[in-house]
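A.B. asks: sequence first, then the predicted structure, then my questions.
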Amino acid sequence: MSEPEPSVSSPPVLGGVGLGLRWDFLEEVVDGPKLPIDFFEVSPENYMRRGGYYPAKLEKLRERYPLVTHGLTLSIGADEAPDAEYLRDLRTEIVRTGTPLHSDHLCFSSLGPRQVHELLPLQHSRRNVARVADRARRMTDILGVPFALENVTYYVHPGRAEMSELDFLSSVLEASGAGLLLDVNNVYVNAVNHGTDPAHFIRNLDLSRVVEIHVAGHTKKASGLVLDTHGAPVASPVLDLLELTLRLSGPKPVLLERDNDVPPLPELLREVTALRAVYERAVESDHARG
């Protein structure tokens, strides 16, 4: 007799300002005093198919904070569909974290069985809208929780674009019914690099689909090219874009990502405090208008 499929029960409701969990400070947040963090975001690929120390720490962390999962290797836009064994293992990890939703990137990151460890952009084409939307539509049933897609940065568009980035993202979301993990830093980076208006992008998205918002730091080269490095504090224009988004969308959970040059935890907490001030100002303004 086959084992029953795992199921998710009583997931937490996300809100406020969270922080992406990194091994650099895992012990501090698990074993130290309770922090002013509303939730932590976890990349399940870092823990799935493991036993021992790290999964045990993750389970202990779940007792202290709400967790939400954000994937790195679904590669939903690849030529080949996601591997069935990988999806089963991912669902098991989703159950273990108790996440209320799972998200991954609107991109491809694999060539056949090989992971390339990059989030590569898809051609903005009608064919890709239909193909990716069909896969995304099935993810909620496969994973057992609502599924969301994140907009990604890109520096060169692969081939001839049949539509804008905004139209491509909006079309995939509408056709799939997926939620949107809106990365406002990615919106800003693409706008600067491709000469578009980030505020126009935000104002013309269906923000009712947003289930979570990401912010991160970037690096500007002497050439003017902006790189999405996740290795610096969040820039002022991105904070302004975040505030605009929250004023238009209403309260949405906001997450700070930091993957490179990760500073000591107290410095990250100061950034979280600054984000919370933006969040509260925007939400109060939204309430005042209502």
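C.D. replies: Cool, the structure landed.
A.B. asks: and residue 154, how far is that from residue 33?
C.D. replies: According to C-beta to C-beta, to the nearest Å, residue 154 and residue 33 sit 41 Å apart. Where C-beta positions appear, they are placed from N, C-alpha and C, glycine not excepted.
A.B. asks: more crowded one of the two?
C.D. replies: The residue with more neighbours, out of residue 154 and residue 33, is residue 154; 20 against 6, by other C-beta atoms under 10 Å.
A.B. asks: helix, strand or coil for that one?
C.D. replies: Under the three-state scheme (DSSP: H, G, I helix; E, B strand; the rest coil), residue 154 adopts coil.
A.B. asks: now it: closest residue in space that isn't a chain neighbour?
C.D. replies: The shortest distance from residue 154 to any residue other than its chain neighbours is 3.5 Å, reached at residue 121 (C-beta to C-beta, 6 or more residues apart in numbering).
A.B. asks: ramachandran coordinates for that neighbour?
C.D. replies: The main-chain torsion angles of residue 121 are listed as degrees, to the nearest 10 and equal phi -70, psi 150.
A.B. asks: can you count the residues close to it?
C.D. replies: Taking other C-beta under 10 Å as the neighbour definition, residue 121 ends up with a count of 21.
A.B. asks: so who does it touch?
C.D. replies: Listed by C-beta atoms under 8 Å, 6 or more residues apart in numbering, the contact partners of residue 121 are 107, 152, 154, 157-158.
A.B. asks: just the buried ones from these?
C.D. replies: The neighbour-count criterion (16 or more other C-beta atoms under 10 Å) marks 107, 152, 154 among those as buried.
A.B. asks: distance from the chain centre to stretch 203-216, please.
C.D. replies: Computed by C-alpha atoms, centre = their mean, to the nearest Å, the chain-centroid distance of stretch 203-216 equals 10 Å.
A.B. asks: in it, which residues are buried?
C.D. replies: Across stretch 203-216, burial judged by 16+ other C-beta under 10 Å covers 205, 207, 209-216.
A.B. asks: ranges for the strands of the stretch 151-290 of the chain?
C.D. replies: Counting by DSSP state E, counting those that start in this stretch, one finds strands in the stretch 151-290 of the chain at the ranges 179-183, 210-215, 219-220, 226-227, 254-256.
A.B. asks: tell me where the stretch 151-290 of the chain has helices.
C.D. replies: In the stretch 151-290 of the chain, the segments counted as helices under DSSP state H, counting those that start in this stretch are 165-176, 184-194, 198-203, 236-249, 265-289.
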